[in-house]
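[1] attaching a predicted model along with its sequence, questions to come.
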Amino acid sequence: MKHFAEFSTEEKPLDGDKIRIDEVLNCELIVCAYKIGKSKFNDNKGMYVTLQIKLMNDDMPRVIFTGSDVIAEQCRKYDNNIPFIATIKKINKYYTFT
């Protein structure tokens, strides 16, 4: 008999405690996974990114939400390189991986 996970095609939620993006600015971290979804708010063009990360000195997964178009585009562009190590920087009014 098969396990449900063997044939399920449903998207699974990203695991981890929710933290604010400000808590990890300028810190090296591991980007483990991401999801892009439709937001209830209109101020970010209707899209948001959920990032599953791990801090370099901690193996516990964390989850960050952001409306950053730059981070969303970087996630799409470098999807095949996940997991990767990055630093989230705030440059002027936007967030970006460096």
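    Sure thing, it's come through.
[2] pull the contacting residues for the residue nearest in space to the middle of the chain.
    In the chain, the C-alpha nearest the mean C-alpha coordinate belongs to Leu51, at 1.3 Å (Cα atoms, centre = their mean). Taking Cβ atoms under 8 Å, 6 or more residues apart in numbering, we find Leu51 in contact with Leu14, Val31, Ala33, Tyr34, Val63, Ile64, Phe65, Thr66, Ile71, Cys75. Placement of C-beta: from N, CA and C, glycine included.
[3] for Asn57, state which of those is nearest.
    Using Cβ to Cβ, Val31 is the member of those that lies nearest Asn57, at 15.9 Å.
[4] need phi/psi at Lys12.
    phi -100, psi 150 (degrees, to the nearest 10).
[5] of the contacts of Leu51, which one scores lowest on pLDDT?
    The pLDDT minimum for the contacts of Leu51 sits at Leu14, where the score is 89.
[6] quick one: the closest residue to it other than its chain neighbours and Asn80, what's the gap?
    Using Cβ to Cβ, 6 or more residues apart in numbering and skipping residues adjacent in sequence, the residue nearest Leu14 is Gln52, 4.1 Å away. Per Cβ to Cβ, to the nearest Å, Gln52 is found 17 Å from Asn80.
[7] who has more neighbours, these two?
    Neighbour count, other Cβ atoms under 10 Å: between Gln52 and Asn80, Gln52 has more, with 20 against 5.
[8] re the thing from before, part of a helix, is the residue nearest to the centre of the chain?
    No. Counting by DSSP: H, G, I helix; E, B strand; the rest coil, Leu51 is not found in a helix; it is strand.
[9] how about it: which residues does it bridge to?
    In this entry, Leu51 is beta-bridged to Tyr34, Ile64, by DSSP bridges.
[10] below-threshold pLDDT in the chain: ranges please.
    41-45 (pLDDT under 70).
[11] for it, which segments count as helices?
    4-7, 69-77 (DSSP state H).
[12] buried residues in the longest one?
    Going back to what we said before, that points to helix 69-77. For helix 69-77, burial by neighbour count (16 or more other Cβ atoms under 10 Å) applies to Ile71, Ala72, Gln74, Cys75.
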